Structure formats: structure tokens, C-alpha cells
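Trainee: Let me see the structure of the following:
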Amino acid sequence: MISSAETAHVLLESFPELSPELEVPAVRQSMYRQLDCFALFTRTAAENGRLALLKRCFEVADRLVRQGDAYLARAVENVYLHCLHLDGSTYGNQLARQLMPAHLYHVYQHPHTNMLP
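Mentor: Predicted coordinates for the structure are as follows:
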């Protein structure tokens, strides 16, 4: 199981290029800010047509949801997926449907169902 405290480590292991953003003290101390940086990185990959990178981002996000503790899984659902902003266009929805692992896509399609206890 991946603990929420390991978020930055998992992201850096998968995407070393995120190091400058994740090493900022305010970001390093906040899992939510780390996931926001990861969402921006993912969104940029989508906007630049870097589909292989986008698919890898979705695979890592799926891993965080599936293997993360409850706190991390809910944060991915409520922060990362919300900050992607792919749902505003047909193209974005197409990318999500085609490149997201099935479980992550299901969570993406049914947002905010787990916000309240």
C-alpha cells in the first residue's frame, strides 16, 4: 500500500522531470499541491499531444488510486482528476476514455461520489 506521505516519491520515481516543481517547500509539504502539479503536468502532456506520456500519467494515477491508502485514493479522485480539466471538450473526453485504465476512467466519470464520509 502506498501511503499519502509517499506521493512525491512515487511521482518522482515515475517522472523525474517533476523534480523542480515537487521540491518547492510548500509543495513538498502538501500532498494536495503535489497532485495539483501532477495534474498540470498531465494536462500539458494532453495539450501538447504527447500521448505516450499522457498514458503513463494515467497509469501512475490509477496506481495511486488502486494501491494508495484511503486518504491518497480520495485525494487523487478529488484533486488530481478534478484539476485535469479534460472534461471541457470532446477531445479531452476522448483522450480520457481511450488512454485511462478502466478503473481510473470509472472514477473520472463519477466524480465527487466519495467526498463525504
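
Trainee: Give me the contact list for the helix or strand of the chain with the lowest mean pLDDT.
Mentor: Lowest by mean pLDDT, DSSP states H and E among the helices and strands of the chain is helix 90-99, with a mean of 83. Outside helix 90-99, the residues within contact range by Cβ atoms under 8 Å, 6 or more residues apart in numbering are Ala46, Leu51, Leu54, Lys55, Phe58, Leu84, His85, Leu86, Asp87, Tyr105, Tyr108. All C-beta spots, glycine's among them, are computed from the backbone N, C-alpha and C.

Trainee: and the gap between Leu18 and Tyr91?
Mentor: Distance from Leu18 to Tyr91, counting by Cβ to Cβ, to the nearest Å: 24 Å.

Trainee: Which of the two has more residues huddled nearby?
Mentor: Leu18 (18 against 11; other Cβ atoms under 10 Å).

Trainee: Hmm, that one is touching Leu40, no?
Mentor: No: counting by Cβ atoms under 8 Å, Leu18 stays clear of Leu40, with 9.7 Å between them.

Trainee: how deep is Asp3 tucked in, by neighbour count?
Mentor: Careful, residue 3 is Ser and not Asp. Ser3 has 13 nearby residues by other Cβ under 10 Å.

Trainee: should've said Val107
Mentor: Val107: 22 neighbours (other Cβ under 10 Å).

Trainee: What average pLDDT does stretch 103-117 get?
Mentor: Mean per-residue pLDDT for stretch 103-117: 71.

Trainee: hang on, the earlier thing: looking at the contacts of helix 90-99, spot the one nearest Arg74.
Mentor: Tyr108 (14.0 Å; Cβ to Cβ).

Trainee: ok, and the closest non-adjacent residue to the closest one?
Mentor: Nearest non-adjacent residue to Tyr108, counting by Cβ to Cβ, 6 or more residues apart in numbering: Leu81, 5.2 Å away.
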